[in-house]
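Any chance you can model this:
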Amino acid sequence: MLVGSGETVVVGGLLDKSVSDTADKVPLLGDIPVIGALFRSTSKKVSKRNLMLFIRPTVIRDRDEYRQASSGQYTAFNDAQSKQRGKENNDAMLSNDLLEIYPRQDTAAFRQVSAAIDAFNLGGNL
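Numbering: from 1, shown residues only. Okay, here's the model as predicted:
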């Protein structure tokens, strides 16, 4: 499946079916043969779930864009987590320096992938 940057793909069809049987009874009276059925009950519950994944890839070609996007996402996540907990959690937050990508000596692989992405976006071949 080929998807452009920023487009959303939905993956579905992951089904889960669970069945649970429960039995309730009045102690001692539910164990009596014949009339014990009046003092006990059984129930069966069937539940089905369908898992759907929504995937939206974003291609980032520039290191500065990556740093800005990852820092923004990280900050938004920590803000939401702090609000959910009802208190500030600044001690557990990582600094933006830890999110920085350090340049590698060999950037030929990066250029090759970048060229393939450009060719895909233009509808051409390598």
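
Could you find the closest non-adjacent residue to Met52?
Among residues not flanking Met52 along the chain, Gly12 sits closest, at 4.4 Å (Cβ to Cβ, 6 or more residues apart in numbering). Every residue, glycine included, has its C-beta placed from N, CA and C.

in the sheet, who's paired with the spatially most central residue of the chain?
Residue closest to the mean C-alpha point of the chain, counted by Cα atoms, centre = their mean, is Leu53 at 7.7 Å. Note on Leu53: beta-bridge partners by DSSP bridges are Val11.

isn't it right up against Val11?
Yes: the pair Leu53 and Val11 qualifies as a contact (Cβ atoms under 8 Å) at a distance of 4.3 Å.

okay, and the helix or strand of the chain with the least pLDDT?
None of the helices or strands of the chain scores lower by mean pLDDT, DSSP states H and E than helix 108-122, at a mean of 71.

so who does Ser18 touch?
Contacts for Ser18 (Cβ atoms under 8 Å, 6 or more residues apart in numbering) come out as 46-47, 49.

Secondary structure of it: a strand, I assume?
Yes: counting by DSSP: H, G, I helix; E, B strand; the rest coil, Ser18 falls inside a strand.

Lowest-confidence entry in the contacts of Ser18?
Sorting the contacts of Ser18 by confidence puts Arg49 at the bottom, with a pLDDT of 89.

got a list of what the closest residue to that one other than its chain neighbours touches?
What sits nearest to Arg49 in space, not counting adjacent residues and going by Cβ to Cβ, 6+ apart, is Asp16, at 4.5 Å. Contacts of Asp16 were listed using Cβ under 8 Å, 6+ apart, and they are 48-51.

Tell me the one of those residues nearest Leu28?
The shortest gap between Leu28 and any of the contacts of Asp16 belongs to Lys48, at 37.4 Å (Cβ to Cβ).
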